[in-house]
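>>> give the three-dimensional model of this entry:
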Amino acid sequence: MFRLLGILFTVLLAIATAVVVWPQFFHLEQTYPFAQLVAARGIVLGGFLVVAVVALLLLFARPLRGFAASVLIVALLGAAATAAIGAVRGFGASALPDATDTSVRVLTWNTAGEAVTAERIAQEILDQGADIVALPETTEAVGERIAIMLREQGHPMWVHHVQFRPDVQDGPQSWQTTVLVAPDLGEYSVIESSKDGSNNTGSVPSVVLMPVDGSGPTIVAVHAVAPRMEEMQQWQSDLQWIADQCPRGDFILAGDFNATVDHMAPLGVDGGDIGYCRDVASRTGNGLAGTWPSSLPPLAGAPIDHVMASGNWTPTGSAVLDDAGGSDHRALVVQLEPAR
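From the prediction side, this is the model:
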């Protein structure tokens, strides 16, 4: 009887391991609770190693030796597969290459409202030499203060902004998203359907910026709702909307996607991770470096803040900034070069 229970447990453990390691195969990557489990692969890897250690200790108990050996094999296979995925995507790189005359640097930072001061954001933009800055949960007033400080430092940027329900006094700051764009990239304007919310993410706003003269990339500052159990349908809808913002053409998407590249698996087209856009961090050594929550080490967190770029751009570097400045999200900065 015990042997049959052991075999049954091992089979169930093997199935659970396969689902957690690669939920895309079972089409469960956007299904609760597998979407939450796969978000932090570093923790998943640690869990497999803990199970492996426990199984290794159980090997010393002769009656449990066969059962423990089978559990150990499953756990080691799960850990090896997770580590292999991490090796491909990158466990963390900290340095950007030197900027060039043609490079564009993009910074995204969910500032959790005013948890991060305007002065701190402005200094980080200067330190990173950012040309495009996506700031979910940042008010227009804070964006304007940042722009004034940047102008005084010789780094002018235009401020663009979308707010849901501006009629609600003292509404949550998650209803606002601000974008700053360097004048060297040209003049941009927020498309009306993004501004009035008729074509936007559902609960928290994204910003779609079009070049006024038609020259240059379309810029989308992304903010998707978090995949809480009661918000799963809206989250899936938000991810589909984001994918629709990157058809063929010249696009740069940046912001808080509240999703990892695993969740985007059914939404990529022609080698893209979401629509035709490709995740920069996972192509430059930072695919497993968590941006949320900042209270955990990066490898224990979830890489849910992204910069995505169409094939017009070649990713050359990325960095997840260690100091979150009081936010629950770390900032991500990347460097892009025009594709040859």
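>>> now stretch 171-189, how far from the centre of its chain.
Relative to the mean C-alpha coordinate of its chain, stretch 171-189 is positioned 19 Å out (Cα atoms, centre = their mean, to the nearest Å).
>>> actually stretch 332-340, sorry about that
That offset, for stretch 332-340, works out to 16 Å (Cα atoms, centre = their mean).
>>> what mean pLDDT does it get?
In this model, stretch 332-340 has an average pLDDT of 95.
>>> now for residue 269: which residues touch it?
By Cβ atoms under 8 Å, 6 or more residues apart in numbering, residue 269 lies in contact with 243, 275, 276. Backbone N, C-alpha and C define where each C-beta goes, glycine included.
>>> let me see the backbone angles for it.
With angles defined as degrees, to the nearest 10, residue 269 sits at phi -130, psi 130.
>>> swap in residue 173?
Taking degrees, to the nearest 10 as the convention, residue 173 sits at phi -70, psi -10.
>>> and it, how many residues sit next to it?
Other residues near residue 173 come to 19 when the count uses other Cβ atoms under 10 Å.
>>> and the pLDDT for it?
The score at residue 173 is 91. That number is its pLDDT.
>>> quick check: closest non-adjacent residue to it.
Nearest non-adjacent residue to residue 173, counting by Cβ to Cβ, 6 or more residues apart in numbering: residue 113, 3.7 Å away.
>>> roughly how far apart are that neighbour and residue 171?
Going from residue 113 to residue 171 by Cβ to Cβ, to the nearest Å gives 11 Å.
>>> looking at these two, which one has more neighbours?
When residue 113 and residue 171 are compared for neighbours, residue 113 comes out ahead with 16 against 13, by other Cβ under 10 Å.
>>> using the three-state scheme, assign residue 125.
What DSSP: H, G, I helix; E, B strand; the rest coil gives for residue 125 is helix.
>>> that one contacts residue 107, correct?
Yes: applying Cβ atoms under 8 Å, one finds residue 125 in contact with residue 107, separated by 6.4 Å.
>>> which neighbours do those two share?
residue 133.
>>> stretch 201-210: how far from the chain's middle?
Computed by Cα atoms, centre = their mean, the separation of stretch 201-210 from the middle of its chain amounts to 16 Å.
>>> restricting to C-alpha, output it in PDB.
Output of stretch 201-210 as PDB, limited to C-alpha atoms (Å, rounded to 0.1, in the frame of the first residue of the first chain):
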ATOM      1  CA  THR A 201      -5.500  49.000 -20.500                       C
ATOM      2  CA  GLY A 202      -8.600  48.600 -18.400                       C
ATOM      3  CA  SER A 203      -8.000  49.500 -14.800                       C
ATOM      4  CA  VAL A 204      -4.800  51.500 -14.800                       C
ATOM      5  CA  PRO A 205      -3.700  53.700 -17.700                       C
ATOM      6  CA  SER A 206      -1.100  53.200 -20.400                       C
ATOM      7  CA  VAL A 207       0.100  56.000 -22.700                       C
ATOM      8  CA  VAL A 208       0.500  55.700 -26.500                       C
ATOM      9  CA  LEU A 209       2.700  58.400 -28.000                       C
ATOM     10  CA  MET A 210       2.900  58.900 -31.800                       C
END
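>>> now it: buried residues?
Applying a neighbour-count criterion of 16 or more other Cβ atoms under 10 Å, one finds 201, 202, 203, 204, 205, 206, 207, 208, 209 buried in stretch 201-210.
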